[in-house]
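Asker: Predicted model, plus sequence, below.
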Amino acid sequence: MWVKPFDVFQVYYANECNECIFLDVLYIQPAFIINVMLHLKDIEKSYPDGSNANDVLRGVNLSVAKREFVAVTGESGSGKTTLLSIIGTLIKPDKGVYLLDGELINSRTNIPELRNRKIGFVFQDHRLLPQYTLQQNILLPTIAAQKKATEEQVTYAGFLMNIVGIASLANHFPATVSGGEASRAALCRALVMKPVLLLADEPSGQLDSRNARNTIALLKKMNTELGTTILMVSHSKESVAEAERVLTLKDGLLS
Ligand SMILES: Nc1ncnc2c1ncn2[C@@H]1O[C@H](COP(=O)(O)OP(=O)(O)OP(=O)(O)O)[C@@H](O)[C@H]1O
Ligand SMILES: [Mg+2]
């Protein structure tokens, strides 16, 4: 039997005039497209910096398999949040190809719908909305998706709050809880839709060692029991030790 080693996957995108523009050829093993959660090829991102450009990502390549738990480390300012934001479809790369769960992310993608359906994002600075209680914040993605949280989702939010130890704070507003409690609520918000991909930017950064351990244990549980793929940025050796693979971002490249 002859087995074709690679499929040629041609990548096109639509420009402003809706013309189909050839972008790249990816040589992909047929099994790869089924097993891969995300694939980045030659991702570049610069920010303007006075008259110069700050080239933060200089050709990042990354493949993360479904159900994998990957950690990213790197010095402050090395571009970890920028990379996670591109993967989370919050910002666009200047160049490169991004495939998420078999879908090419391009100008035709319904980004808000895709993000809400597939990705949970834990921000480095939690970004809870001050006018809502912790429970309401946690349920916001469900409301964005279908106007009203189902009873099952409300119960699931309670289950998540219980695990991370903030159940008693459900009716508190973000301004009246500690930074660590707010980041635990932000983790629950990222998980409430049971995303296939969880992106966590320093999820245990503001926590004491017991709550940091609980948080990482919850991530591990989501990973092993629900099969959630996790990409986590962390400086903590203890947290990173739970990941299957640890990558370092340095000089705009991931290795
Ligand atoms: N919106 C922006 N506009 C301009 N420059 C930015 C912007 N966001 C980030 N930068 C710059 O890009 C570089 C990478 O920032 P980024 O936040 O991705 O780093 P990081 O690795 O997450 O750092 P930390 O560990 O401190 O969170 C830094 O030099 C930062 O100043
Ligand atoms: Mg950061």
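Answerer: Ah, there it is. Residues are numbered from 1 along each chain as shown. Ligands and ions are numbered 1, 2, ... in the order given.

Asker: Checking the nearest residue to Lys45 once chain neighbours are set aside next. Helix, strand or coil?
Answerer: Closest residue in space to Lys45, ignoring its immediate chain neighbours: Leu57 at 4.2 Å, by Cβ to Cβ, 6 or more residues apart in numbering. In this view, the C-beta of every residue, glycine as well, is placed from N, C-alpha and C. What DSSP: H, G, I helix; E, B strand; the rest coil gives for Leu57 is strand.

Asker: what do you get for Gln131?
Answerer: With three-state DSSP as the basis, Gln131 sits in coil.

Asker: could you list every residue that touches it?
Answerer: Taking Cβ atoms under 8 Å, 6 or more residues apart in numbering, we find Gln131 in contact with Phe173.

Asker: how about the residue nearest to Lys45, what does it touch?
Answerer: Counting by Cβ under 8 Å, 6+ apart, Leu57 makes contact with Ile43, Glu44, Lys45, Gly79, Thr82, Leu83, Ile86, Pro93, Gly252.

Asker: show me which of these neighbour ligand 2.
Answerer: Among the contacts of Leu57, no residue is within reach of ligand 2 (Cβ under 5 Å from the ion).

Asker: In strands only, show me those.
Answerer: Applying DSSP state E to those, the entries found in strands are Ile43, Glu44, Lys45.

Asker: Flag every buried residue along the one helix or strand Met161 maps to.
Answerer: Element membership of Met161, judged by DSSP states H and E, is helix 151-164. Under the neighbour-count criterion of 16 or more other Cβ atoms under 10 Å, helix 151-164 has Gln153, Val154, Tyr156, Ala157, Leu160, Met161, Ile163, Val164 buried.

Asker: Out of the contacts of Leu57, flag the one nearest to ligand 1.
Answerer: Distance to ligand 1, by Cβ to the nearest ligand atom, is smallest for Thr82 among the contacts of Leu57, at 3.4 Å.

Asker: can you pull the pLDDT of that closest one?
Answerer: Residue-level confidence at Thr82 comes out at 97, pLDDT.

Asker: Show the contacting residues for it.
Answerer: By Cβ under 8 Å, 6+ apart, Thr82 lies in contact with Lys45, Val56, Leu57, Ile91.

Asker: Thanks again, I'm all set now.
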